[in-house]
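> no sequence on this one, just coordinates:
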Ligand code: DP6
């Protein structure tokens, strides 16, 4: 029972931060993301009665007990659905450096969900796959569909309505997202811990939740209208609000380094000069810049000229998760 799947990473344009239920990993807010063409994870999984324990190999290295444990607990969900307790060997590879703080949990859990469901012969809808992936990592639910994607916070206690689906396919709109890598270090505080801290300590937490609906509605429309300025303005606004929430936690969470801040100013300078470019930043120091195809070279040159930017990775809207190989 073997299968291999590929899932692309995604970046939220309207951010997710906060959980309404930690055990089921239910988000407190919906989010909207762009699937990335250039960053993906390929995961191969084999279940066999010969294996005594689950074994996880990440980028050709045996994973830590924590990583293996998280993967094992996640696989238990699929084993329960399939009515089996077979153990697995999982080999997972990112085509980008995991330590660079890029969203490897999104593509990782989406690829794992798809590969494991296929290997266990579970026939699941895209919605069911997204519900499962969410339990590995919230942003992973958004890496099941491709293109422009919306994740619903949902309302039900069992999480069956907390899943992602496409707003528009990749071909709907050719926009670009350039990632400027400012650091290869692992982030100091992970998203799960950061979200919990914000929920329990930030005086702005409820205000963040209350404002999300309007941002989601506006972003959905900007995507459908192919209104780039609106998409960019909303993305930058949601990013800064999310970081303001993180900063207002106690102790405050600061994900940026000096280069991140330099790059934020440089993006705004470019915009003042007439080039529509907008930044977004996740729970780490990398800068992501949204622009139109005709401005990609100018944005790349701008990023490459900032001391401390080590590499720039260009993306278009990318495809959804798919099976690459299966044993029958
Ligand atoms: C800042 O999906 O990594 O990237 O559900 O706890 O695994 P968990 O969190 P995760 O959080 C992503 C946070 C973010 C914003 C976003 O992608 O929406």
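That came through fine. Small disclaimer: the values here were computed from a predicted structure and weren't measured.
> how about the strands in this protein?
Listed from the start of the chain, the chain has strands (DSSP state E) covering 2-14, 19-21, 26-27, 31-48, 55-58, 61-62, 87-94, 148-151, 164-168, 176-181, 278-280, 287-291, 311-315, 322-326.
> how far is the fifth one from where the chain is centred?
Here strand 55-58 is found 21 Å from its chain centre; the criterion is C-alpha atoms, centre = their mean, to the nearest Å.
> What of the third one?
Centroid separation between strand 26-27 and its chain, computed with C-alpha atoms, centre = their mean, is 14 Å.
> Name the strands paired with that strand and say parallel or antiparallel.
In the sheet containing strand 26-27, its partner strands are strand 19-21 (antiparallel), by DSSP bridges.
> which residues are in contact with the partner strand?
25-28, 138, 153, 157, 159, 192, 195-196, 199 (C-beta atoms under 8 Å, 6 or more residues apart in numbering). The C-beta positions use only the backbone N, C-alpha and C, and glycine is treated the same way.
> Look at residue 221 and say how many residues are nearby.
Neighbour count for residue 221, taken as other C-beta atoms under 10 Å: 14.
> Kindly apply the preceding question to residue 290 instead.
By the criterion of other C-beta under 10 Å, residue 290 has 24 neighbours.
> just the one 4 residues further on next, same as before
Burial of residue 294 is recorded as 10 neighbouring residues (other C-beta under 10 Å).
> ok, now the one 5 residues further on?
Residues within reach of residue 299, counting by other C-beta under 10 Å, total 25.
> for residue 218, same thing?
Residue 218 has 19 neighbouring residues, counting by other C-beta under 10 Å.
> Then the one 10 residues further on?
Look at residue 228: counted by other C-beta under 10 Å, it has 17 neighbours.
> who touches the closest residue to residue 71 other than its chain neighbours in this structure?
Once flanking residues are discounted, residue 71 sits nearest to residue 56: 5.0 Å by C-beta to C-beta, 6 or more residues apart in numbering. When contacts are counted by C-beta under 8 Å, 6+ apart, residue 56 touches 62-63, 67-68, 71-72, 90, 92.
> Against the ligand, how distant is residue 56?
In this structure, residue 56 lies at 17 Å from the ligand, with C-beta to the nearest ligand atom, to the nearest Å as the measure.
> pLDDT score for that residue?
Model confidence at residue 56, given as pLDDT, is 97.
> what would the contacts of strand 19-21 look like in TSV with pLDDT and distance to residue 39?
Putting the contacts of strand 19-21 into TSV (pLDDT from 0 to 100; distance: C-beta to C-beta, whole Å) gives the following:
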residue	pLDDT	distance to residue 39
25	96	22
26	98	26
27	98	22
28	98	26
138	97	18
153	98	25
157	96	34
159	96	27
192	93	21
195	97	22
196	97	27
199	98	29
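> which among those gets closest to residue 240?
Distance ranking of the contacts of strand 19-21 against residue 240, using C-beta to C-beta, places residue 195 first at 17.2 Å.
> Surely residue 2 and residue 326 touch.
Yes: at 7.2 Å, residue 2 and residue 326 qualify as touching, with contact defined as C-beta atoms under 8 Å.
> For these two, list the residues in contact with both.
residue 119.
> Same drill for those two, tell me which one is more crowded.
Neighbour tally, residue 2 and residue 326, criterion other C-beta under 10 Å: the higher count belongs to residue 2, 17 against 14.
> Let me see the contact set for that one.
If you count contacts by C-beta under 8 Å, 6+ apart, residue 2 has them with 44-47, 119, 325-327.
> Who wins on neighbours among the residues you listed?
If you rank these by neighbour count (other C-beta under 10 Å), residue 45 sits at the top with 28 neighbours.
> Report pLDDT for it.
According to the model, residue 45 carries a pLDDT of 98.
> May I have the beta-bridge partners of it?
residue 3, residue 90.
> Surely it touches residue 79?
No: if you go by C-beta under 8 Å, residue 45 and residue 79 don't touch, sitting 11.7 Å apart.
> Please tell me how far residue 150 sits from the ligand.
Using C-beta to the nearest ligand atom, one obtains 11 Å as the distance from residue 150 to the ligand.
> Pull the contacting residues for residue 160.
Contacts of residue 160 were listed using C-beta under 8 Å, 6+ apart, and they are 131, 154.
> Same check on residue 29?
Neighbouring residues of residue 29 by C-beta under 8 Å, 6+ apart: 16-18, 153, 208-209, 212.
> Restricted to helices, list these.
Among these, the ones falling in helices (DSSP state H) are 208-209, 212.
> Could you dump these into TSV and include neighbour count and distance to residue 242?
Supplementary listing: the ones in helices among the contacts of residue 29 in TSV, determined by neighbours: other C-beta atoms under 10 Å; distance: C-beta to C-beta, whole Å:
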residue	neighbour count	distance to residue 242
208	21	8
209	17	12
212	22	10
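> can you narrow these to ones near the ligand?
With C-beta under 6 Å from any ligand atom as the criterion, the ones in helices among the contacts of residue 29 include none near the ligand.
> Looking at those residues, which is nearest residue 315?
Closest approach between the ones in helices among the contacts of residue 29 and residue 315, by C-beta to C-beta: residue 212, at 24.7 Å.
> If you drop the residues flanking it in sequence, what lies closest to the closest one?
Nearest in space to residue 212, with sequence neighbours left out and distances taken as C-beta to C-beta, 6+ apart, is residue 29 at 4.2 Å.
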